[in-house]
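**Student:** Got a predicted structure here, sequence first:
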Amino acid sequence: MDETRLEAERRAKVARWRSSGREPYPWAFEGRVASSVVRSACAGLRPGETGEGATYRVAGRLRTVREHGRTAFAVVEDLDGPLQLLLRADGLGEEAYRGWLADLDPGDILGAEGPAVVSRSGEPSLEVRTLTLLAKAIAPPPEKFHGLQDVEERIRGRYLELLASPGARQRFRVRTALIGEIRRAFDEAGFTEVETPILGPVASGAAAAPFVTHSNYLNEELRLRIALELPLKRLLVGGLEKVYELGKSFRNEDLDSTHSPEFTELEAYWAYADYHDLRAFTEGLFARLADRAAELLPDSPAARKGIDAFRPPFPTVDFGEELARRTGQPGILSKSREELRDLARQAGSTVPERSSTGTFLDKLFEHYVEPTFDRVTFVVDHPEATTPLAKRHRSKPGRVERFEVFFPGFELGNAYTELNDPDEQERRFREQLGERGGDGYAFDADFVRAMRYGLPPCTGIGLGVDRIVMALTGTPSIKDVILFPLVRSR
RNA sequence: GGGCCCGUAGCUCAGGCCGGUAGAGCAGGCGGCUCUUAACCGCAAGGUCAGGGGUUCGAAUCCCCUCGGGCCCGCCA
């Protein structure tokens, strides 16, 4: 990489620092406290007053320096936030004061030690007695006021966005906190968290193109998983009763504002329960996540909107009734494939001519019903034709026991009372193969074999974790809730 | 896959329609300033205008191609 003029100047400062016997990249900074500790220590002080006795060691990234001749203010920022450092030539000595200021730049990692002080204008600060360079930044940071705006740079150099933007740091910490909350909810309900393989010979459990790779050892083609469903159901065959997995799945598809080729999902399977039980659990989970997000993001109007949408009661929409109502076509579920195709065409859909009735129904629902959701909404009891892995409805003919959860603009989750008849499963796998050729549900023969040993009646759900985080943090693009989203190499 | 838009200094952005020596702020350099908080004041410096080709006396600007990105549609859960 070419060295820029700015980098050359910063390297010269490193050399000066070394030549004066100081290490620009020391090993540690012991006894360091968070900036918030100093701010608390300032709470009892009057403007202009210096705290008695205790000194504090803080460390963080230097953001700005404001020099006023023989006094200077610097701002260092750690994970708890910014803290002002007060430097005075009186007290520090002219030589030390000038020496520090000459060779420090925004972006450097610093340690500082001194007592708490409140500036005359009331800013909680640390009065610097000693300053330690902990890591010299050779590359200059993004502009201090606007931060990093370029979308491409924000994603490719996520660390730059993070170091320049406390909001970005907060967004990703909230992500982790919400994932923790999801784990606790399942753990407390007695689910066992498991890990199932990412690599395997068959990518099954959803209709999506897999990433294909190769094992040198086995000399076999392998695929990255596209869903977690089938291995988890095998564990119910094995008697684990309540299991969940939270991890990444991979789909070899386009990246857009709600789809990422590498994404985080949660799937849970619950023996001896049905989709009513799971819906009640999901509602409780969502309410819990809304509370947690409200606690973590009290001042974000964007998050507020999503958080309110996550609070019960949640509207329920019957797939068939709502589609009939919104299209003005009573009995739409019993229409022929050709009639549905024509309706889909009228709605502007260009799905292929040969698509199944299920595909046309999905398109119509997407066009007429989904845009009407203004909060978290449960869609229930889909037509059998749209859903290959669910059990048929116990009282509604032609339907399955299924619910989908929507947030305005995208789907959050999908749940069924699971199919557990192995012969029925095999038949539905074969039908799916027929429709989409190589790109449909892969036929997982071993899964059918497992089911022949007896899968208990059960219910299961898949949740899009990235999307839940988008909703609850008010983030419009999935790329901004994934630390390092997939990008073209350059 | 189709359409529209964007790429100018380390960063944030003007300039582009209507072609004529490339501009500002921040950051950096030098000087000044003892309470600022987007500190301030002065001076000097900083450019492969994404890359390539074309039109033209002359291209950041107009045209074509390529690369990277964004948005919408399609496809995909």
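**Tutor:** That came through fine.

**Student:** The residue lying closest to residue A:187 once chain neighbours are set aside: neighbour count?
**Tutor:** Nearest residue to residue A:187, sequence neighbours excluded (Cβ to Cβ, 6 or more residues apart in numbering): residue A:193, at 7.0 Å. C-betas here are computed from N, CA, C, even on glycine. Around residue A:193 there are 14 other residues, counting by other Cβ atoms under 10 Å.

**Student:** So residue A:193 sits against residue A:182, correct?
**Tutor:** No. Counting by Cβ atoms under 8 Å, residue A:193 stays clear of residue A:182, with 10.5 Å between them.

**Student:** Report the set of residues contacting both of these two.
**Tutor:** Residues touching both residue A:193 and residue A:182 (Cβ atoms under 8 Å, 6 or more residues apart in numbering) are residue A:246.

**Student:** about what we covered before: now the residue nearest to residue A:187: how far from residue A:80?
**Tutor:** Separation of residue A:193 from residue A:80 (Cβ to Cβ, to the nearest Å) stands at 31 Å.

**Student:** In the stretch 51-200 of chain A, which residue sits nearest RNA strand B?
**Tutor:** Using Cβ to the nearest atom of the strand, the closest approach of the stretch 51-200 of chain A to RNA strand B is made by residue A:69 at 2.3 Å.

**Student:** so the residue nearest to residue A:187 bridges to which residues?
**Tutor:** Counting by DSSP bridges, residue A:193 forms beta bridges with residue A:244.

**Student:** Look up how far residue A:129 lies from the residue of the stretch 51-200 of chain A closest to RNA strand B.
**Tutor:** From residue A:69 across to residue A:129, the span is 20 Å (Cβ to Cβ).

**Student:** of the two, who's got more company?
**Tutor:** More neighbours surround residue A:129 than the other of residue A:69 and residue A:129, with 14 against 6 (other Cβ under 10 Å).

**Student:** Apart from its neighbours in sequence, what residue is nearest that one?
**Tutor:** The shortest distance from residue A:129 to any non-neighbouring residue, by Cβ to Cβ, 6+ apart, is to residue A:114 (4.1 Å).

**Student:** just residue A:302 next, same as before
**Tutor:** Once flanking residues are discounted, residue A:302 sits nearest to residue A:474: 2.6 Å by Cβ to Cβ, 6+ apart.

**Student:** circling back to that earlier point, now do the same contact list for the residue nearest to residue A:129.
**Tutor:** Shown in contact with residue A:114 (Cβ under 8 Å, 6+ apart): A:55-56, A:126-130.

**Student:** Okay, domains of chain A per the record?
**Tutor:** According to automatic domain parsing, chain A comprises the domains A:5-135, A:159-315+A:375-480.

**Student:** Pull up the residues of the stretch 1-150 of chain A that are close to RNA strand B.
**Tutor:** Neighbours of RNA strand B within the stretch 1-150 of chain A, by Cβ under 7 Å from any atom of the strand: A:4-6, A:9, A:48, A:64-71, A:73, A:75, A:84, A:86, A:88-90, A:102, A:105-106, A:119-123, A:125, A:139-140, A:142-150.

**Student:** So which of these are in helices?
**Tutor:** Residues of those located in helices (DSSP state H): A:5-6, A:9, A:89-90, A:102.

**Student:** Narrow these to those that are buried.
**Tutor:** Taking 16 or more other Cβ atoms under 10 Å as the criterion, what is buried in these is residue A:89.

**Student:** farthest pair in the ones in helices among the residues of the stretch 1-150 of chain A next to RNA strand B?
**Tutor:** A:5 and A:90 (34.8 Å; Cβ to Cβ).
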